[in-house]
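**Student:** From the sequence below, what's the structure:
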Amino acid sequence: MGSGFLRMKTPYASTVGEDLIQSDLKELGVAARKLANHALMLGSGFGSTFFKFFASFAAIYLLILDRTNWKTNMLTSLLIPYIFLSLPSVLFTFLRGEFGKWVALIAIVLRLFFPRHFPDWLELPGALILLLVVAPEFFAYTIRDGIVGIAICLIIGCYLLQEHIRASGGFRNSFTKSHGISNSIGIILLLVYPIWALVLYFL
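**Tutor:** The predicted structure follows:
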């Protein structure tokens, strides 16, 4: 009788143990999904900021190369709206504030009253500062922080890349000619931020 009683309790205890294990596994699965979602949200925010810095510095790097390698105004002028749209919020807010206004005022005064002391290489940076300071709220926040701004950055990057490849005489030449590698890599880096932002937008 004692052994039969034990045999009857064993399946019941086994069933209860399996239910507890399954319940614990479900809770672990829910916790893992929450952790993955929170990590993705944190990573996406950090990644977007990082790639914005990355893209902005790549565009500034290409502007610097303009005075030594490129002589096409079309290419360098397109970098100004790209920087405007991809500049990280911290730098954008800082340059759009009082500091940017003072820099823009000094640039205008130098350009108007002391043109000989205003070097040519300051034309595009001056235009960028003016754009940052005077851009309406619609462009500064709605367009810049939305899908339209990301799409414009992607279009500019793709256009600059194909124009550079065409001017170099083909994709292979763009990576083998003198100074071609630095230009090509700089333009390719412009595509990293908009592609990343689009992936996050559609996820």
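**Student:** got any ranges where this protein has weak pLDDT?
**Tutor:** 1-20, 24-25, 28-47, 67-74, 177-180 (pLDDT under 70).
**Student:** need the helices for it, in chain order.
**Tutor:** Counting by DSSP state H, the chain has helices at residues 2-66, 73-86, 89-96, 98-113, 123-134, 137, 147-168, 171-176, 180-190, 192-202.
**Student:** who does the last one touch, helix- and strand-wise?
**Tutor:** The criterion is 3 or more CB pairs under 8 Å, 6 or more residues apart in numbering; DSSP states H and E, and the helices and strands that helix 192-202 contacts are helix 2-66, helix 147-168. Bear in mind the C-beta positions are built from the backbone N, C-alpha and C, glycine included.
**Student:** could you redo the helices of the chain as TSV and give each row mean neighbour count?
**Tutor:** Below are the helices of the chain laid out as TSV (neighbours: other CB atoms under 10 Å):
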stretch	mean neighbour count
helix 2-66	13
helix 73-86	20
helix 89-96	16
helix 98-113	14
helix 123-134	18
helix 137	8
helix 147-168	18
helix 171-176	14
helix 180-190	19
helix 192-202	17
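**Student:** residues contacting Ala59?
**Tutor:** By CB atoms under 8 Å, 6 or more residues apart in numbering, the contact set of Ala59 is Leu79, Tyr82, Ile83, Ser86, Leu190.
**Student:** ok, Arg144 - how many residues close by?
**Tutor:** 20 (other CB atoms under 10 Å).
**Student:** mind checking how far it is from Leu63?
**Tutor:** With distances taken as CB to CB, to the nearest Å, Arg144 is found 19 Å from Leu63.
**Student:** Same question for Ser184.
**Tutor:** Counting by CB to CB, the gap from Ser184 to Leu63 is 16 Å.
**Student:** Thanks a lot, see you next time.
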